[in-house]
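J.: I'd like to go over a predicted model; first the sequence, then the structure.
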Amino acid sequence: MASVKEKVKGLKKNLVNRARVYVNYYHDPLLREWFFKHAGSLNRFKNIHSGQSCFIIGNGPSLNQMDLSRLKGCYTFGLNKIYLIFDRADLKLSYHVAVNRLVIEQSLEQFKLMDCPSFLSYRAARPLLEGSEPNFYFLATGGPFTFRKDITTPLHEGFTVTFVAMQIAYYMGFQNVFLIGVDHNYAARGRANEEQFMEHDDPNHFDPGYFKNSSWQLPDLQASELSYHMARFFYNQEGRQIYDATVGGKLNIFPKISFEEALEKAKPGHQCKGG
């Protein structure tokens, strides 16, 4: 059996080797800065929810048709501007995720008020940071277009924050992931990923003020579907599953189940009080 001294030596060697890879392979100084300052803080989340279930909550209008209070006792990921629903829904998040530059620029002060860990793109958030925020955990984005099992390496955003949340949930060890509010249906004209200014009420999210009088980027539904296919593949490889419990959602990649079925399936992993 290896001694404590040998184990420490092995850990140091592993860290040095990983650091050498990052220095040699990632020529972006911002990535190197993230690696040495923030990558290590993500280790605490590895497999902390092994075998359990969670809900990833999108921001589609279908959320207005749901009683989110039924998620009490469930592990939950809220995305982007989910805080806009707090004044009318009894919802407590376990985690929050945002990686889009415009969303972070518009919402960083609100993110600081969240009482759960908030995973943010370091590249997008760093120019806005004035000091350390205890609930912020930074992700490196801009990695190759693949599904990462390890969030201490640079991730690809997959053209949707939902894909990033799926990678985080995988790293945490969740067995079953249930999607709600992922409508996959937008009223927009323009090129995919094009930045536009929305002057009118926002028809694409649960709150009409979500992007009203703000800039936003048009979705790329086809590219995000490629990301979802990858997520399904990697989850299924390990005997895990992503289910789509969105009310009336247009996404047709994951098995469809009702919200009630999702709550029931979540119980073995973590006791939900829905129903």
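T.: Happy to help now that I have it. Numbers count the residues shown, from 1 in each chain.
J.: hey, let's count contacts and neighbours off CA atoms from now on
T.: Will do.
J.: now the strands for the stretch 101-250 of the chain?
T.: 118-121, 136-139, 176-180, 195-198, 214-217, 241-244 (DSSP state E, counting those that start in this stretch).
J.: got any ranges where the stretch 51-200 of the chain has weak pLDDT?
T.: For the stretch 51-200 of the chain, applying pLDDT under 70 flags no range at all.
J.: one more time with 80, if that's ok
T.: Applying pLDDT under 80 to the stretch 51-200 of the chain flags the ranges 131-132.
J.: just give me the neighbour total for residue 65.
T.: Residues lying near residue 65 (other CA atoms under 10 Å) number 12.
J.: again but with residue 140, I slipped
T.: 25.
J.: what does residue 29 give?
T.: 10.
J.: now it: how far from residue 189?
T.: 37 Å (CA to CA, to the nearest Å).
J.: what do you get for residue 182?
T.: Between residue 182 and residue 189 the distance is 20 Å, computed by CA to CA.
J.: more crowded one of the two?
T.: Just comparing residue 182 and residue 189: by other CA under 10 Å the higher neighbour count belongs to residue 182, 24 against 9.
J.: ok, the more buried one touching residue 57?
T.: Yes: in this structure residue 182 lies within contact range of residue 57 using CA atoms under 8 Å: 7.2 Å.
J.: can you tell me the closest non-neighbouring residue to residue 94?
T.: In space, and not counting its chain neighbours, residue 94 is closest to residue 76: 5.0 Å by CA to CA, 6 or more residues apart in numbering.
J.: pretty sure that neighbour is in a strand, no?
T.: Yes: secondary structure of residue 76 (DSSP: H, G, I helix; E, B strand; the rest coil): part of a strand.
J.: give the contact list for the spatially most central residue of the chain.
T.: Geometric centre of the chain, nearest residue: residue 165, 2.2 Å, by CA atoms, centre = their mean. Counting by CA atoms under 8 Å, 6 or more residues apart in numbering, residue 165 makes contact with 56, 77, 97.
J.: nearest to residue 234, of those residues?
T.: Residue 234 has its nearest neighbour among these in residue 56, at 17.0 Å by CA to CA.
J.: check which helix or strand covers the closest one.
T.: In this assignment (DSSP states H and E), residue 56 forms part of strand 53-57.
J.: give the partner strands of that strand in its sheet and their orientations.
T.: Each strand paired with strand 53-57, and its direction, by DSSP bridges: strand 75-79 (parallel), strand 176-180 (parallel).
J.: out of the ones you listed, flag the one nearest residue 233.
T.: strand 176-180 (13.6 Å).
J.: just give the closest residue to residue 66, not the sequence neighbours.
T.: Spatial nearest neighbour of residue 66, chain neighbours left out: residue 247 (8.0 Å); criterion: CA to CA, 6+ apart.
J.: how many neighbours does the one you found have?
T.: 22.
J.: circling back to that earlier point, CA-only coordinates of the strand holding residue 56 in CSV, if you can.
T.: Presented in CSV, the C-alpha positions along strand 53-57 are these (Å, rounded to 0.1, in the frame of the first residue of the first chain):
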residue,chain,number,x,y,z
SER,A,53,-31.6,12.5,-10.1
CYS,A,54,-31.9,16.2,-11.0
PHE,A,55,-34.0,18.6,-13.0
ILE,A,56,-32.5,21.0,-15.6
ILE,A,57,-34.9,24.0,-15.8
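J.: average pLDDT for stretch 258-267, rounded please.
T.: Mean pLDDT, stretch 258-267: 92.
J.: can you list the neighbours in contact with it?
T.: Stretch 258-267 is contacted by residues 52-54, 71, 74, 176, 178, 180, 243, 245-247, 272, 274-275 when judged by CA under 8 Å, 6+ apart.
J.: and those, which are buried?
T.: For the contacts of stretch 258-267, a burial check counting by 16 or more other CA atoms under 10 Å picks out 52-54, 71, 74, 176, 178, 180, 243, 245-247, 272, 274.
J.: what residues are up against the nearest residue to residue 217 once chain neighbours are set aside?
T.: Spatial nearest neighbour of residue 217, excluding adjacent residues (CA to CA, 6+ apart): residue 195 at 4.3 Å. Counting by CA under 8 Å, 6+ apart, residue 195 touches 215, 216, 217, 218.
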